[in-house]
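>>> Got a sequence here, can you build the structure:
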Amino acid sequence: MRPLNAIRWCARVTLGSSLLFAACAHDTYQERADVIKERSEAFYTDLKANRVESAIHENEQIEAMAGEMGRTVRKRASLQGAASVEREFALMKTAHEAAATNWLALGQYFAIKKQYPQARSTYQRILNTYDDPTDKPYREQAARALEDINILNPPSASATTP
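Okay, here's the model as predicted:
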């Protein structure tokens, strides 16, 4: 993975000159942004190749990163200046939005494949998970998609009765 290669490169450079070591300090913000991008790309690659379980795993990892960054933002908000917290918050928001968008894409994938129970479950997951006021557009899109799925494939009477 990229961060490991960057660390190895820095280690080799420091053997020759300690002055160069300072120049190769890695940017953890950029590394995490790259990981989010790589995981999102892997999500869509897996989906295109019908590797749904792998796609779900990639998206769960993005969600986990967003959650971890959210905890970090809350901790740092009381300890550090606003600049570092703002940068971390922006990255957390990016991960959170990427995950929500990916779940919507997964629901669409299932609908296109006529896997309606999976589509319903995916859209319901969005409605259940993304409950922050800023997540309203994702919830609204999932609710509309769920209505559309019910038009294409009405739930059976036995599925709707407890």
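>>> List the buried residues in the longest helix seen in the chain.
Taking DSSP state H as the criterion, the chain has its longest helix at helix 82-112. Using 16 or more other C-beta atoms under 10 Å as the test for burial, helix 82-112 gives 85, 88-89, 91-92, 94-111. No exception for glycine: its C-beta is placed from N, CA and C like everyone else's.
>>> Show me the shaky parts of the protein.
Applying pLDDT under 70 to the chain flags residues 1-26, 78-83, 157-162.
>>> ok, which stretches of it are helices?
Using DSSP H, helices in the chain cover 2-16, 18-23, 28-48, 52-79, 82-112, 116-129, 136-152, 157-160.
>>> between the fourth one and helix 28-48, how many degrees?
Angle, helix 52-79 to helix 28-48, by axes from the mean of the first three to the mean of the last three C-alpha atoms, to 10 degrees: 160 degrees.
>>> Please tell me how far helix 52-79 is from the chain's geometric centre.
Centroid displacement of helix 52-79 relative to its chain, using C-alpha atoms, centre = their mean, to the nearest Å, is 7 Å.
>>> What residues of that helix count as buried?
Neighbour counts over helix 52-79 (16+ other C-beta under 10 Å) mark 52, 55-56, 58-59, 61-63, 65-66, 69-70, 72-73, 76 as buried.
>>> E63 touches A99, doesn't it?
Yes. If you go by C-beta atoms under 8 Å, E63 and A99 touch, sitting 4.4 Å apart.
>>> ok so, going back, how about the buried residues of helix 52-79, which pair is most distant?
Spatial extent of the buried residues of helix 52-79 (C-beta to C-beta) is set by the pair V52 and R76 at 36.1 Å.
>>> So which elements touch the longest helix of the chain?
Packed against helix 82-112 by the contact rule (3 or more C-beta pairs under 8 Å, 6 or more residues apart in numbering; DSSP states H and E) you find helix 28-48, helix 52-79, helix 116-129, helix 136-152.
>>> what's the angle between the third one and helix 82-112?
If I follow you right, that is helix 116-129. Using the same axes, to 10 degrees: helix 116-129 against helix 82-112 is 160 degrees.
>>> ok, and what's touching helix 116-129?
Helix 116-129 is contacted from outside by 100, 103-104, 106-108, 110-111, 138-139, 141-143, 145-146, 149, 152-153, 155, using C-beta atoms under 8 Å, 6 or more residues apart in numbering.
>>> one more time with 10 Å, if that's ok
The contact list for helix 116-129 (C-beta atoms under 10 Å, 6 or more residues apart in numbering) reads 52, 56, 63, 99-100, 103-113, 115, 135, 138-150, 152-155, 159.
>>> Perfect, I'm done here.
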